[in-house]
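**Student:** Got a predicted model here, sequence first, then my questions.
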Amino acid sequence: MYAALQADRNLNHPSPVGMLIVTRLIVDADKVAEKINSMAGRRVAAAHHSEHKLTTSEMAEFDVLVITHAAFRDAAEAFGRHAPERWNVFYHWSRGTRSLIVVDEALANAVDHNAVTSSDLDVVLRAIPHELRAQHPLALTALEKLKSYLDRKERDQEPGSALSRMLWGEGAPAYVEQIRGLRGVLKTTAFDLTLFNAEAQDTVDGILEDVEVMLDSYAYYYRSGAQHSLNSSRYLIPRGMPGIVILDATANSNVLYELLEEARAGAVSVVPVPRGIRNYSNVTLHVARTTAGLGKSKMKDTKHLRIPRLVHEVAKEVGQGRKVFMCVHKLAKDLLETFNTKEMPLSIGWWGAVDGKNDWADCDVAVIFGLPYMDPRRAIGSVLAVNGPQDNAWLQSPPPYNEHANIPDMLAIRDVAASVVQAINRVRCRRIVDCSGRCEKTDVYIVLPKDWRGDTVLEHIHLNMPGIHAVPWDFEPDGPKVYAPRCSSANEAVIGLMRDRKRGAVPMSHVQRELSLSNRQMARVKEDLAKDTSKITAALREEGVIYRVEGRGRGSKSYLLKAA
């Protein structure tokens, strides 16, 4: 509405205001442009993205240009490298500059994280043809030295030795220039497909980009268990860019904004949400607390016991006739799909593919199971991207943030809290239904750790959802095996499992284990796969997957082969 009104004002105003709107997804960009044009009664807005590219002159004719987060991030990164051409294509229009830039949803990737391991560097060194090595001696020297450092750390690791160490705090331009030149040459080099797969060129370029960023700024060493890596990060909205407005409903939970307010005093500010805008008194939050792990690794090890216990308990709590949205770790989504029944239909989302979506807006129950803990390196990198490189003392013992945690730990858990609030608000509680800001009655079920981290997440749910009513939920994720009704067909789960797989063969025994299928269920899946006209065969074919059986009888082997 604001954009449509602004476009009308621009018609006869001597100082027109052009707008640039940045959305998370392509589909959102199209919807925003369509809605603005509908309200304006004429075509004043256009979406520009990979599926609908406009020329520079076409973009310049519209009062409102809508692009994606990815395009904005790339343009901002180029601006920071003193190459503003890509940014200016979006920023300039036929009547001046777009002085109002609005980013819808938080810029989740505003901090670019870079990491390489010894095996990464080995891939790159093996990929560089002999004839190119002499042309880029500094690049070769840098890559070999970095690999040698990591190899030595892996070989000579001492128990209790420092988990992190700053390696350098400023860039080396000559090395950066040669790495960049090497990247350019390798992008046009045909790799031997008998030695490298089809994605090798992109893989090598991504690793070299990480090394380039490190050599251009700072790098630190980090050890997590047996994994050793070199790391760096950068904040991709550089100083000097025009001001932007970020619409982030959970900004008060994001420590990164607090760091930016301090580091860029006067240039960054978080505007408090006015009181009384929303009232979540119709939402009941059912909270279970546990000492068991809720991260991805723990869920991978326990999902076959936990998912049936969860479905059984939720069915008992909510009864029939409810629309249930479940947000889980991606590795559990396909197993959960096998419990999607007519008696309790489930709409399933997973961390990393939830924020900003309206797919579940009609659901009256939300279940949050498993928490998207941030990689410690990303938390450290986020702080360093804003505040700059720190010394070894800081890395090995970051300063406290409050009585419970240091700055990276608090940044990480409040990132979890913001993700949880985003996930909860995918269901119908996102919609206001009266002038007091209330929503329709909604039930939310969540399992939180029984420590300060769980307390922090709960605190920020209340902060971001004023009026929400919390009650205890008597549920423990681990315990005796329980039975929960399962879908009569596992075909949808098999399709989902293969959709996310990389190319290659997947034995049917692996499919059976991943989805906890009985022999009878597995036999039905194989029976359908053997039919060329079945729905599962057609759906898998669209994903580039075919079913193969080798041999006969007990000695036969069956697998799904993904070609692309």
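**Tutor:** Looks like it arrived, so ask away. Residues are numbered from 1 along each chain as shown.
**Student:** Need the phi and psi values for P449.
**Tutor:** Per-residue torsions, P449: phi -70, psi 150 (degrees, to the nearest 10).
**Student:** was I right about it contacting L294?
**Tutor:** Yes - using C-beta atoms under 8 Å, P449 makes contact with L294 at a distance of 6.2 Å. C-beta coordinates here come from the backbone N, C-alpha and C atoms, glycine included.
**Student:** pLDDT below threshold where in this protein?
**Tutor:** The model of the chain has pLDDT under 70 over residues 107-109, 157-162, 193-195, 198, 564.
**Student:** Pop the domain breakdown of it in here.
**Tutor:** 2-108+237-247, 112-235, 283-389+397-472, 491-562 (automatic domain parsing).
**Student:** Point out the most buried one among the ones you listed.
**Tutor:** When the domains of the chain are scored by mean count of other C-beta atoms under 10 Å, the highest mean neighbour count falls to domain 283-389+397-472 (a mean of 19).
**Student:** how far away is R9 from G80?
**Tutor:** 33 Å (C-beta to C-beta, to the nearest Å).
**Student:** quick one: R81 and K562, what's the gap?
**Tutor:** 37 Å.
**Student:** same question but for D434, I mixed them up
**Tutor:** From D434 over to K562 the distance is 50 Å, taken as C-beta to C-beta.
**Student:** N387 now?
**Tutor:** N387 sits at a distance of 44 Å from K562 (criterion: C-beta to C-beta).
**Student:** Could you tell me the phi and psi values at the most centrally placed residue in the chain?
**Tutor:** The centre of the chain sits closest to G352, judged by C-alpha atoms, centre = their mean, with a distance of 3.8 Å. The phi and psi values for G352, taken as degrees, to the nearest 10, are phi 100, psi -10.
**Student:** Quick check, it in contact with G370.
**Tutor:** No - assessed by C-beta under 8 Å, G352 is found out of contact with G370, at 12.0 Å.
**Student:** Overlap in contacts, the two.
**Tutor:** Common contact partners of G352 and G370 (C-beta atoms under 8 Å, 6 or more residues apart in numbering): none.
**Student:** Quote the end-to-end distance of stretch 236-255.
**Tutor:** End-to-end distance for stretch 236-255: 17 Å, by C-alpha to C-alpha, to the nearest Å.
**Student:** Mutual contacts of P449 and L294, please.
**Tutor:** Common neighbours of P449 and L294 are listed as L371 (criterion: C-beta under 8 Å, 6+ apart).
**Student:** Centre of the chain to stretch 375-393, how far?
**Tutor:** Put simply, stretch 375-393 sits 19 Å off its chain's centre (C-alpha atoms, centre = their mean, to the nearest Å).
**Student:** Ok, stretch 536-543 next?
**Tutor:** 27 Å.
**Student:** Need the residues that contact it.
**Tutor:** 491, 494-495, 498-499, 525, 528-529, 531, 546-547, 560, 562.
**Student:** Out of the residues you listed, which comes closest to S509?
**Tutor:** Of all the contacts of stretch 536-543, S509 sits closest to L560, with 11.3 Å by C-beta to C-beta.
**Student:** Could you pull out the strands in the stretch 51-200 of the chain for me?
**Tutor:** Ranges of strands in the stretch 51-200 of the chain, per DSSP state E, counting those that start in this stretch, are 64-68, 92-93, 96-97, 100-104, 111-116, 164-168.
**Student:** could you dump the ones you listed to TSV with distance to W360?
**Tutor:** Output for these, formatted as TSV (distance: least, C-beta to C-beta, whole Å):
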stretch	distance to W360
strand 64-68	22
strand 92-93	37
strand 96-97	39
strand 100-104	19
strand 111-116	28
strand 164-168	39
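**Student:** can I get the CA coordinates of stretch 417-432 in PDB?
**Tutor:** Written as PDB, here are the backbone C-alpha positions of stretch 417-432 (Å, rounded to 0.1, in the frame of the first residue of the first chain):
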ATOM      1  CA  ALA A 417      15.300 -18.000  19.800                       C
ATOM      2  CA  ALA A 418      14.600 -15.800  16.800                       C
ATOM      3  CA  SER A 419      14.400 -18.900  14.600                       C
ATOM      4  CA  VAL A 420      11.900 -20.500  17.000                       C
ATOM      5  CA  VAL A 421       9.700 -17.400  17.000                       C
ATOM      6  CA  GLN A 422       9.800 -17.300  13.200                       C
ATOM      7  CA  ALA A 423       8.800 -21.000  13.100                       C
ATOM      8  CA  ILE A 424       5.900 -20.600  15.600                       C
ATOM      9  CA  ASN A 425       4.600 -17.700  13.500                       C
ATOM     10  CA  ARG A 426       4.300 -19.700  10.400                       C
ATOM     11  CA  VAL A 427       0.800 -20.900  11.600                       C
ATOM     12  CA  ARG A 428      -2.400 -19.000  12.000                       C
ATOM     13  CA  CYS A 429      -1.200 -17.000  15.000                       C
ATOM     14  CA  ARG A 430       0.500 -14.800  12.500                       C
ATOM     15  CA  ARG A 431      -2.800 -13.300  11.400                       C
ATOM     16  CA  ILE A 432      -4.500 -10.500  13.300                       C
END
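**Student:** did I read that right, A4 in a helix?
**Tutor:** Yes - counting by DSSP: H, G, I helix; E, B strand; the rest coil, A4 is found in a helix.
**Student:** got the end-to-end distance for stretch 481-492?
**Tutor:** So stretch 481-492: terminal residues 24 Å apart, C-alpha to C-alpha.
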